[in-house]
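Enquirer: Sequence isn't available, so here's the structure alone:
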């Protein structure tokens, strides 16, 4: 029974605890836990924003286009995310993103000869963003050096890596 198997994932199994330990059945758990309103709307897929997904799509494009050359210490920050107003004739989402690296040499790798690498990253990311956001996207990418940001606790907090 597949649904039964899924229900049993994470459940205690024989020998997992010392003898005499009591486990709680589904019925007992339902009686103990309070009933409350759902935390999210039924049609909500995630608690993350479009800005978050935009940064992740750009980051994935960096990895895909730069392969082994990629500086694994890059961070993508969305500087602007402007959605068009309903009455605007051109319905284009404008996104400006900063790709932060730790050293000037990494900036050169990301930009590439004549800007070719960053252009490729932008083209691929824009296609993915247009598919994800279901509309036209104008994407502007900037590479910035933020010296040793991975060693700075305040920057790690600002970038969302620490609380």
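Expert: Now that the structure is in, tell me what you want to look at. Note that the structure is predicted; figures quoted are calculated from it, not measured.

Enquirer: residue contacts, the residue nearest the centre of the chain?
Expert: The centroid of the chain falls nearest to residue 56 when counting by C-alpha atoms, centre = their mean (4.4 Å). Applying C-beta atoms under 8 Å, 6 or more residues apart in numbering to residue 56 gives the contacts residue 76. (C-beta placed from N, C-alpha, C; glycine too.)

Enquirer: So it versus residue 23, what's the distance?
Expert: 39 Å (C-beta to C-beta, to the nearest Å).

Enquirer: residues contacting the closest residue to residue 148 other than its chain neighbours?
Expert: Counting by C-beta to C-beta, 6 or more residues apart in numbering, the nearest residue to residue 148 once its immediate chain neighbours are dropped is residue 102, at 5.8 Å. Shown in contact with residue 102 (C-beta under 8 Å, 6+ apart): 71, 73, 145, 146, 147, 148, 149, 150.

Enquirer: ok, now with 7 Å
Expert: 73, 146, 147, 148, 149, 150 (C-beta atoms under 7 Å, 6 or more residues apart in numbering).

Enquirer: what about the residue nearest to the centre of the chain, helix or strand, and which?
Expert: Residue 56 belongs to helix 50-66 when assigned by DSSP states H and E.

Enquirer: could you point out which element follows that helix?
Expert: Sequence-wise, the next helix or strand downstream of helix 50-66 (DSSP H and E) is strand 75-82.

Enquirer: The helix or strand that comes right after that next one pairs with which strands?
Expert: Sequence-wise, the next helix or strand downstream of strand 75-82 (DSSP H and E) is strand 92-101. For strand 92-101, the pairing partners within the sheet under DSSP bridges are strand 75-82 (antiparallel), strand 136-145 (parallel).
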